[in-house]
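Make a model of this:
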Amino acid sequence: MDWGILFDDFTAWMGDHGLTILLITAGSLFFYNIVKVFVTRVVQRYIDFRKRSHHDKEEDVRRVKTLTGMVVGTLGAVITAMAVFMILSELSVNIGPLIASAGVAGVAIGFGAQSLIKDALNGLFIVLEDQFNNGDIVKMAGISGLVEDFNLRRTVLRDLDGIVHIVPNGQILTVSNYTREWARVNLNVPVAYSTDLDKAIAVINRVGLELSKANEFCPMIISAPQVLRVDKFADSGIEIKILGDVKPMKQWQVTGELRRRLKYAFDAEGIEIPFPHTKLFFDNAQMEKYAALARLADIAAVAKEQDAAPGPAPKHPAEDEKLPPQG
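Numbers count the residues shown, from 1 in each chain. Predicted coordinates:
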């Protein structure tokens, strides 16, 4: 093998095609980075504009970021495919049959991968209908959690235990979004049946107003938690329903603080928070009947104890008889 000839051939090939392939690769990477930076800056300026105009909404920011990731990823795939076809054309490979065969293969794969197509179509409708975005807290396919990542094929959720769930978009039939525009404190507080309801309602409304004016919770609350109605006559107490509107993803924090403050307020006002218990009531006839039965039971118990008590030991019949003298 003549290495000199191989080196000359390689040098000639590089001079004819290598530089062109290198330029195509470098140009594709450069163009992809330009597109990525451009889209990111446009999104950042949009977010800054929303903040300056005092119309900033967290769901808008999450949606823009979600769409940015999908747009950049799609453009990256398109740029890569174009670069590959240009390189193959430079290598004198007829890309026409490849494109045709790719179309046929795509149809064949489509028939064999219907679930994949279903996932992609469902993901497309999720994006178009703005059902949820990255950073939302949702419930889907029986799983609740934070949306950590989303694309046309699958959604990644992380639940409260830190477990990551990967849900194919084709399995998403119903989406419950806990973080769309605003959320709500929905709390039932039980009080004892002996409680003055007007007093309890006044205390609850006062605590809700104080919570809405607290420095830490004021930015989270849209409308102060207030009593809506007496909701239910439960087994152990009367339940009072409280409602209040809050910022998205703040309902759990506000509800927990409201419970804590209500407990202290109820203790200070002497309002009882009931617990499950059972009370028995008898009329006079029943009381006399059960008292007589109790007396009879006591008498029977005493008699049984007397019968069981040990008496004097029985004497032997020969003890009272005089023994004959011994001969």
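
Could you list the low-confidence segments of this structure?
1-17, 43-44, 46-64, 67, 93, 95-113, 277-284, 286-287, 308-327 (pLDDT under 70).

Can you show me the strands along it?
137-140, 143-150, 154-158, 164-168, 175-177, 183-191, 226-233, 238-246 (DSSP state E).

Identify the residues contacting stretch 228-247?
If you take Cβ atoms under 8 Å, 6 or more residues apart in numbering as the criterion, stretch 228-247 is touched by 58, 182-193, 195, 197, 200-201, 204, 208, 212, 219-227, 254, 258, 273-277. Using the backbone N, CA and C atoms, a C-beta is placed for each residue, glycine as well.

Near Ala297, how many other residues are there?
Ala297 has 10 neighbours, counted by other Cβ atoms under 10 Å.

go on, the one 5 residues further on?
Other residues within reach of Val302, judged by other Cβ under 10 Å, total 10.

Please identify the buried residues of stretch 173-187?
177-180, 183-185, 187 (16 or more other Cβ atoms under 10 Å).

one step back: which one of the strands of the chain lies nearest to Lys65?
Comparison of the strands of the chain against Lys65 by Cβ to Cβ identifies strand 143-150 as nearest, at 10.4 Å.

quick revisit: out of the buried residues of stretch 173-187, who's nearest Phe132?
Asn177 (5.3 Å).

Break down the chain into its helices, ranges please.
3-13, 19-52, 58-90, 95-112, 114-129, 197-213, 251-269, 284-308 (DSSP state H).

Out of these, flag the one nearest Val147.
helix 58-90 (8.5 Å).

For that closest one, name the packing helices and strands.
helix 19-52, helix 95-112, helix 114-129 (3 or more Cβ pairs under 8 Å, 6 or more residues apart in numbering; DSSP states H and E).

separation between the nearest residue to His165 once chain neighbours are set aside and Pro168?
Once flanking residues are discounted, His165 sits nearest to Leu157: 4.5 Å by Cβ to Cβ, 6 or more residues apart in numbering. As judged by Cβ to Cβ, to the nearest Å, Leu157 and Pro168 stand 12 Å apart.

just to revisit the earlier point, export the strands of the chain as JSON lines, with columns for distance to Ser28.
Below are the strands of the chain laid out as JSON lines (distance: least, Cβ to Cβ, whole Å):
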{"stretch": "strand 137-140", "distance to Ser28": "37"}
{"stretch": "strand 143-150", "distance to Ser28": "25"}
{"stretch": "strand 154-158", "distance to Ser28": "27"}
{"stretch": "strand 164-168", "distance to Ser28": "31"}
{"stretch": "strand 175-177", "distance to Ser28": "37"}
{"stretch": "strand 183-191", "distance to Ser28": "45"}
{"stretch": "strand 226-233", "distance to Ser28": "60"}
{"stretch": "strand 238-246", "distance to Ser28": "48"}
